[in-house]
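A.B. asks: Structure for this input, please:
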Amino acid sequence: MLRIIVAGLVLCVCCTHANADTTDEALSDLIAADKYDEAVRNINQFPSSHLHELIIRAREQSLWNDPIWKKLLHYKKNIWGGYTSQVDGKDFFNSAEGKTNPEAEMEATLARFFSTKPVAPTTLLPQCRFIARYQWLNNKLGFNLSRMPDDKCAPFEELVDALKPEAISIIFPSAHPNSPSSMFGHTFMRIDRKGQTRDTRMLDFTINYAAQIEDQNTLMYAVNGLTGGFEGRYNVLPFHLKLREYVQMENRDLWEYKLNLTQQQVEMILRHAYELLPTYFDYYFFTENCAYHLLSLLEVAFPDKDLTGEFSGWTIPVDTLKLLDQKYGMVTGINYQPSHKAVILSRRAALTSQENDLAAKTYRNGMASTSAVMQSLEPERQAAIMDLAFDYLRYAKIKSTDTVGTELTQVERDLLLARSKIKVRSSPPQVNQPAVSPDHGHETSRFSVSAGVSEKINFTQLGWRAAYHDLMDSSPGYAWNSKLDFFNIELRQYADNKQTVVHQFTLIDILSLEPRDDFFNHISWHVDFGWKERNTRGIRHGAIVMEGGPGLTYEFPLFQRSLAYGLIQASGEYSKKYRDKLLGASGFLGGLLLKINPVWTAQLEFNTQKGMGNDVLDSTQTALRQNFELSTNVSFGIDISQNKSSGRKYTEASGAVRIYF
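C.D. replies: Below you'll find the model as predicted:
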């Protein structure tokens, strides 16, 4: 009898094992067929599986609701109260509902970790393709690696071995108005290797997020940039290539912000970056741009910080630096890397006028044109002149070819040969670091309150600007000779009728005043698009205005700094007062921009236009504008203008308090 009972128990155990093997095989079949959602839906049919254990643990912890999981998948609350991931590449998700369902995505991801098939379009196994998720879920749930596939992810280990990561720095190339995609500046990440020094940092690698842009016309470039028509992707590039791009080719100063991160946080960010490399986001110039998604990459290492949540409307790169440095105290050091142009200007400043002329002549005509005069100078002066001439040659070569070639021209060979005969060591130019770094300049948004008189009628005015900087703003931390106003609205109420009108609405207004000299041949330019209040034959009305054009700017020695500029302009205007016609005009914009002292800026400007086929747009304005900086984020301005429009003359004067926030 006892033998019968024991035999029965053995038989039952064998049956149980057989059933377990059968059910596990069914689960494996679902996973092998990439049916991860179905595997999760039927997981209760596989109670002995390790996947069942993991899903039960994840549900008990409500792990899908953990802040880090949402950051790893880039989930944001949508208007219906649910979640939507900002990642737009479908291959980033393992569940068919993954873009909008954090819980379904987590459980499907766990199911996929039991697959041994590469994740298309890569050749990586799931544990390697989703390495940040794998590591985080393993830490939370404790995978039994003897019961599931394990992948050491050799490609990632090789990458880490090459990078030797110890720290992370955020790099900020200064604003570049001559490049529409970088007119607010740019940020990217540098992976600082162990033992890095100032001299060896160019061997480091960077992680950069940017729009993938093919050649296309300006109109489509703007449309796609505003509507998410470009793919935004992360890429890994050597730092020396980014130095060449920004410092040499675009002449932008670089600012380096070293972050206070632990080794564990650095590795977490790297794993997440590795996950993001094969996929993409829809790129938007003003919102989901380089600065925004640099923060979205960083914040996976901070469960208690919602870095991207600080920017719900638009994201300005310098504002993200302010956030990291001033609000969260994550910046431990700031370094400055001058542009190629700044180096040239510093070399110039160390030479006399005659020596500068010799350097320019050597650059244009070769060593033979100046060798006789050079020999009469001290060796130190000859060396300084030749060093500047060689900098001129390299600058011109890079600007014309966008490359730093190893082949030398005959002029370069002659110059280097002559320089080698002078036994004087070249001294690096002393480029003074600006006293104020970009993150300590004025805030980029602005509120203003004004009062004044126009045509002997008093008015009050309120203004609000989303971003960024204009010629009358405090200049420390910004380029003092450029203007970039985005989404600037001014509401005015006149005392005669008590009506509030839109005096001006600027969608975008850019003015770049790069000075020319005997070497730098910059072209200044202006473009302005928006709504402006007009006074046509005594009738105030609004008009849609687009204007702009090229010109020249020159710097001269007066006060702290001074510029004289002149631009040819063309404009088009539309208003119902013009009988629903689009009217055109041509004109001239010129003036003086004077940095009188660190807190006082003045501008004298003359603007005239002549209607093309009409006299409605005939106008002339002479304006004197002054701004007095009261503190970094408060200033007081006075504007006075003499206007002539459609044959009528009138004067307008106002005072304004401007507050930056």
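A.B. asks: can I assume residue 347 is in contact with residue 387?
C.D. replies: Yes: between residue 347 and residue 387 there is a contact at 6.5 Å, judged by Cβ atoms under 8 Å. (Each C-beta comes from the backbone N, C-alpha and C, glycine too.)
A.B. asks: Of those two, give the one with the bigger neighbour count.
C.D. replies: It is residue 347, of residue 347 and residue 387, that has more neighbours when counted by other Cβ atoms under 10 Å, with 24 against 21.
A.B. asks: phi, psi of the more buried one?
C.D. replies: phi -60, psi -40 (degrees, to the nearest 10).
A.B. asks: separation between the residue lying closest to residue 164 once chain neighbours are set aside and residue 277?
C.D. replies: In this structure, residue 164 finds its nearest non-sequential neighbour in residue 193, 4.1 Å apart by Cβ to Cβ, 6 or more residues apart in numbering. Using Cβ to Cβ, to the nearest Å, residue 193 is found at 19 Å from residue 277.
A.B. asks: Neighbour count: these two, which is higher?
C.D. replies: When neighbours are counted by other Cβ under 10 Å, residue 193 comes out ahead of the other of residue 193 and residue 277, with 17 against 14.
A.B. asks: Relative to residue 240, how far out is the more buried one?
C.D. replies: On the measure of Cβ to Cβ, residue 193 and residue 240 end up 13 Å apart.
A.B. asks: what residues do the two have in common as contacts?
C.D. replies: residue 203 (Cβ atoms under 8 Å, 6 or more residues apart in numbering).
A.B. asks: Identify the residues contacting the residue most central in space within the chain.
C.D. replies: Centroid-nearest residue in the chain: residue 186, 2.8 Å away (criterion: Cα atoms, centre = their mean). Shown in contact with residue 186 (Cβ under 8 Å, 6+ apart): 172-173, 176, 246, 290-291, 317.
A.B. asks: switch the cut-off to 7 Å
C.D. replies: 173, 290, 317 (Cβ atoms under 7 Å, 6 or more residues apart in numbering).
A.B. asks: for residue 231, same thing?
C.D. replies: 212, 280, 283.
A.B. asks: Closest to residue 414 out of the residues you listed?
C.D. replies: Closest to residue 414 out of the contacts of residue 231 is residue 212 (42.8 Å), distances taken as Cβ to Cβ.
A.B. asks: List the beta-bridge partners for that closest one.
C.D. replies: residue 231 (DSSP bridges).
A.B. asks: Against residue 561, how distant is it?
C.D. replies: Using Cβ to Cβ, one gets 39 Å for the distance from residue 212 to residue 561.
A.B. asks: of those two, who's got more company?
C.D. replies: Per other Cβ under 10 Å, whichever of residue 212 and residue 561 has more neighbours is residue 561, with 17 against 11.
A.B. asks: so where is the protein shaky, pLDDT-wise?
C.D. replies: Within the chain, the segments meeting pLDDT under 70 span 1-23, 176-182, 215-219, 401-406.
A.B. asks: And it, what are its domain boundaries?
C.D. replies: 26-150, 158-337, 340-420, 442-660 (automatic domain parsing).
A.B. asks: For those domains, give me a markdown table that also has distance to residue 426.
C.D. replies: Below are these laid out as a markdown table (distance: least, Cβ to Cβ, whole Å):
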| stretch | distance to residue 426 |
| --- | --- |
| domain 26-150 | 47 |
| domain 158-337 | 16 |
| domain 340-420 | 5 |
| domain 442-660 | 20 |
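A.B. asks: Tell me which of the ones you listed lies nearest to residue 429.
C.D. replies: domain 340-420 (3.9 Å).
A.B. asks: how distant is that closest one from the center of its chain?
C.D. replies: 34 Å (Cα atoms, centre = their mean, to the nearest Å).
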